[in-house]
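Visitor: Fold the stuff below for me.
(one chain, ligands or ions: 2)
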Amino acid sequence: MKRETGTYRVTKWENEEVQAFVPTPLPPAKPPLALDDDIRRSLSAAMNALGKLAIAADMVPNAEWFLYGFVRKEALITSQIEGTQATLQDVLAFEAGEKAGRPEDVREVCNYVDALTFARDELARPDGLPLATRLFCNIHKRLMDGVRGSEKQPGEIRRSQNWIGGSRPGNARFVPPPPDLVPEALSALEKWIHGDDPLPPLIRIGLAHVQFETIHPFLDGNGRIGRLLVALLVEHWGLLKTPLLYLSVAFKRHRQAYYDRLNGVRVDGDWESWIRFFLDCVTEAADDAVASAQRLHTVTAADRAKVSAHARATVPAIRLFELLPSHPMVTLSLAIKLLGVSKPTAVKAIAALQAAGVLREITGKRRDRVYAYHEYLRVLSPDTD
Ligand SMILES: Nc1ncnc2c1ncn2[C@@H]1O[C@H](COP(=O)(O)OP(=O)(O)O)[C@@H](O)[C@H]1O
Ligand SMILES: [Mg+2]
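Guide: Ligands and ions are numbered 1, 2, ... in the order given. Predicted coordinates for the structure are as follows:
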């Protein structure tokens, strides 16, 4: 089916005339989105999978245990899609207080976590920023803080023409709207998000993501912010209570399809194929998260039993174990700080967890040692390389 999802406007870029694409405001019209059997099936599968993830989070006594890891996983992979070279180990070691191996890459990932935390807090506060341009700009500022691209107007909607693929707009794969039309396009998107379109929320989230990418309102960071928008809306519209869905894993696995479907909306007016793809990615990511949550639960339950039965287990050792899921890598100084104990006591606690087979020293060094909860990391690490 062919439908028009926007119009082209001729703009000049260094004396070359280019066709910039200006998207028609949501929702899809002429004809409206066809909720055929395929889409309905994909939608109910995705909603079921999200429901299972929500239940998994409710069933465990301490859902923060997954949350910490899952948020880092999403932060890492959404950044990797955009070229970050950091690994899960790099990020966790940095958070444990180590000097980062790839400082700029690690910083990008940490910035994403910071931006997500900030945005969730704003949306949760009665007098916080609403989901609109100002919030996006604040997110952008955090994302770009002190990393490459930080010369690209952090916190500001772009004032120049950008493009995707190619060396100039004239040979680009996609030329987003000219800068003077961006504020208007963004505010139309916001209005639609806050309006009362009767389409199912998850489908609306998929539509919003594409529209955001098509507007491409920033000089850089649009991919990450557009995916962060998905996470925020999933929570804001009550599909999950916490950001447990690491959707970028599915986008990364099906990267070419992700780009092709985004393109298909503009070129062929094919919203339906995008929506099916998006819903299937949600299902895949949610199923994956449920399986990981179950594995993490099994691993931590077994290890807790091992630790408390171990001859060398001290009270601080047991307390340290309980802190590991939100600190899957620790150093001696971090253990001292977390436990509020003396150095010899912390040394004993770490040694006890090593003896119980929970912690492993990973640097092989005599000083500045780092201890990892390796089984926990093993569950988290698929798709992170
Ligand atoms: N053909 C396309 N049409 C619309 N959006 C696209 C297309 N190809 C890629 N994108 C989006 O653009 C993002 C990259 O934009 P960019 O501003 O560089 O994001 P980031 O800095 O987060 O790297 C991709 O992740 C994708 O979401
Ligand atoms: Mg980029």
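
Visitor: Just say helix, strand or coil for Glu156.
Guide: coil (DSSP: H, G, I helix; E, B strand; the rest coil).

Visitor: Pretty sure it sits against Cys137.
Guide: Yes: counting by Cβ atoms under 8 Å, Glu156 touches Cys137, with 6.5 Å between them. Using the backbone N, CA and C atoms, a C-beta is placed for each residue, glycine as well.

Visitor: Compare the two (neighbour count), which wins?
Guide: Neighbours around Glu156 and Cys137, counted as other Cβ atoms under 10 Å, are more numerous at Cys137. The numbers are 18 against 14.

Visitor: Quick check on the more buried one: phi, psi?
Guide: The phi/psi pair for Cys137 (degrees, to the nearest 10) reads phi -60, psi -40.

Visitor: Chain neighbours aside, what residue packs nearest to it?
Guide: Gly155 (4.9 Å; Cβ to Cβ, 6 or more residues apart in numbering).

Visitor: what's the burial count for Ala34?
Guide: 12.

Visitor: same question but for Glu14, I mixed them up
Guide: Glu14: 9 neighbours (other Cβ under 10 Å).

Visitor: Looking at it now. What's its pLDDT?
Guide: Listed pLDDT for Glu14 reads 93.

Visitor: Contact partners for it?
Guide: Counting by Cβ atoms under 8 Å, 6 or more residues apart in numbering, Glu14 touches Arg168.

Visitor: all strands of the chain, in order?
Guide: Here the chain has its strands, by DSSP state E, at 6-13, 16-23, 329-330, 359-361, 371-373.

Visitor: Nearest to ligand 1: which residue in the stretch 151-300 of the chain?
Guide: Here the stretch 151-300 of the chain gets closest to ligand 1 at one residue, Gly223, 2.5 Å apart by Cβ to the nearest ligand atom.

Visitor: Can you list the low-confidence ranges for the chain?
Guide: For the chain, applying pLDDT under 70 flags the ranges 1, 150.

Visitor: Specify the residue ranges that define each domain of it.
Guide: 6-292, 312-380 (automatic domain parsing).

Visitor: can I get those domains in a markdown table with distance to Thr300?
Guide: A markdown table is the format used below for the domains of the chain (distance: least, Cβ to Cβ, whole Å):
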| stretch | distance to Thr300 |
| --- | --- |
| domain 6-292 | 7 |
| domain 312-380 | 7 |
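
Visitor: looking at the ones you listed, which is closest to Val299?
Guide: Among these, domain 312-380 comes nearest to Val299, with 4.9 Å by Cβ to Cβ.

Visitor: chain center to the closest one, what's the gap?
Guide: On the basis of Cα atoms, centre = their mean, to the nearest Å, domain 312-380 sits 28 Å off its chain's mean C-alpha point.

Visitor: quick revisit: how about the domains of the chain, which one is nearest ligand 2?
Guide: Closest approach to ligand 2 among the domains of the chain (Cβ to the ion): domain 6-292, 4.5 Å.
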